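J.: below are the sequence and a predicted model for it; my questions follow.
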Amino acid sequence: MQSIPGEDLVLDRKGRMRIPLVDIVARPVEERVADFQATFLPLTEEQARQAAERCIHCPDPAPCYQACPVHNDIPSAMWLIEQGDFVGAAEVYRQTSSLPEVCGLVCPHEALCQGSCVRNKREEPVLTGALEAFVTAYQRANGGVKIQVGAPTGKKVACIGAGPSSLACAELLVREGHAVTVFEALPYPGGLLIYGIPNFKLPKEIVMARLEDYRNAGIEFATGVRIGKDKTIDDLFTEGYHAVYIGVGTGVDATLDAPGADLPGVYLATDFLIRTNVDPALLPEEKKEVPGIGRRVVVIGGGDTASDCLRTALRMGAEQVTCLYRRTEAEMPGGKKDRELARQEGAKYRFLTQPVRFIAGADGRLGAVECLQCELGEPDSSGRRRPVPIEGSNFTVSADTAILALGYWPDPIVGKTTPDLTTDKWGQITADKQTGATSKPGVFAGGDAVTGPDLVVTAMAGGRRAAAAIMDYLKG
């Protein structure tokens, strides 16, 4: 971490503790549910400086620095922001993060940097996430962003998947001078940043601008190419690539083994979000039709994807939007902030509720969901108390649309078409935690394809660690 310049000029900590909080402000509910634009208003320059002045500059290593998966030097960034050096602060983030403009918006800051801020002991913490988003947006609007490219090494690397993990890996490799091609099965790069996270949480133009930085740095994107189907990893080596990084994420939705799950009106979360949140020009032909959801929508699941589906359904005009979750709110894996926003916008929650059957209406489409009431039993392997259905407690919930947001599995095709690549029983790729090295020489992996579903920032961190290992490997 950098030292703070001019210690004698730094406000004393008691003075900083008295600086009032300037919180981020959401657009009025009635306004934001009428469109898919960003939920929160950006900070002004004055608000950003005041928000940064609230940092009391803890002794190294600061708790926020330690809580960040990529160890952003947040105290130094705060110092630069309060001095008005917004571009300098953005560059501090870019030293350790490949996607700071994204992480400033989608990271669960309350569970990471912001949640570790010592000011939580007495009042509201420093707005670390909003300030990261502010300075990176300011930098792009006032001079732009450029990835420095190293002298060509003559080495070629293929990155499979164009999501956060592969993008992070590709950035560090091109900085070293290696030629990088990113292969993506969908028509446009970005992975879940484009196809999974709704625009009201992460505006697409922010992702597209960062992708343009990558193109300007010489990174090539080969879209519409599914590795394992259109070509294999061994084919890539035959084509002259010296190393391969697998960052395909976990793009296969978990399903619910229940009668009627194949009825019209029952959607998997990814399919629903893609069809409703993405410009049709970026979609494969079979995904371009926007679903008609009717008046009553239920979302089954308790993670962040469930919140995204609830809020999307409300923006599509649904009158009754209900989350069905088989545990209590205390066991929900998704972020509290997203649930609060969903509630503000009109979503309802029914806890200790286990769907067991999807019932067709007179038109053959979904008409209701049969459920069982649950109670909590002993903890399962995740540490959460196990939901136990109560026999005979059946009841129905009327629904025109049901969305299954039950989690994700990795696509097994890469493992199945690479015989010497070791995967576990769930299809996740086995890789060294520090280097990303797999059982196949020259092949590295990271992100959700290795860890299972996790955060954008942890996927990015995995890609950066693997990039360092790939650089060593390419040196022979």
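T.: Yes, it's here.

J.: in its sheet, which strands sit next to the longest strand along the chain, and in what direction?
T.: Assignment by DSSP state E gives strand 366-379 as the longest strand of the chain. Paired with strand 366-379 in the same sheet, following DSSP bridges, are strand 353-360 (antiparallel), strand 385-389 (antiparallel), strand 395-398 (antiparallel).

J.: what is the end-to-end distance of stretch 356-373?
T.: 10 Å (CA to CA, to the nearest Å).

J.: same thing with stretch 294-303?
T.: From its first residue to its last, stretch 294-303 covers 23 Å (CA to CA).

J.: ok now that stretch, how far from the chain's centre?
T.: Centroid separation between stretch 294-303 and its chain, computed with CA atoms, centre = their mean, to the nearest Å, is 20 Å.

J.: start the count at 15, not 1, going forward
T.: OK, 15 is where the count begins now, so the last one is stretch 308-317.

J.: for it, buried residues please.
T.: 308, 310-317 (16 or more other CB atoms under 10 Å). Just so you know, the C-beta spots here come from the backbone N, C-alpha and C atoms, and that holds for glycine as well.

J.: and the residues you listed, which is closest to S412?
T.: For these, the residue nearest S412 by CB to CB is R310; the value is 5.4 Å.

J.: please name the residues that touch the closest one.
T.: The neighbours of R310, taking CB atoms under 8 Å, 6 or more residues apart in numbering as the test, are 332-334, 336, 412-415.

J.: next, format the residues you listed as CSV and append neighbour count.
T.: Shown next, in CSV, are the contacts of R310 (neighbours: other CB atoms under 10 Å):
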residue, neighbour count
A332, 21
E333, 12
Q334, 18
T336, 21
S412, 16
A413, 27
D414, 20
T415, 25
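
J.: adding distance to T142 and pLDDT, write those out as TSV.
T.: Below are these laid out as TSV (distance: CB to CB, whole Å; pLDDT from 0 to 100):
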residue	distance to T142	pLDDT
A332	34	98
E333	38	97
Q334	37	98
T336	33	98
S412	43	98
A413	39	98
D414	41	98
T415	37	98
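
J.: in strands, which of the buried residues of stretch 308-317 fall?
T.: Those of the buried residues of stretch 308-317 lying in strands (DSSP E): 310-314.

J.: looking at these, which is nearest Q80?
T.: Nearest member of these to Q80, counting by CB to CB, is V313, at 34.9 Å.

J.: hang on, isn't that closest one packed against V335?
T.: Yes: if you go by CB atoms under 8 Å, V313 and V335 touch, sitting 7.2 Å apart.

J.: what's the overlap in contacts for those two?
T.: What both V313 and V335 touch, as defined by CB under 8 Å, 6+ apart, is the set 324, 327.

J.: neighbours around L420, how many?
T.: 17 (other CB atoms under 10 Å).

J.: same deal with C337?
T.: 28.
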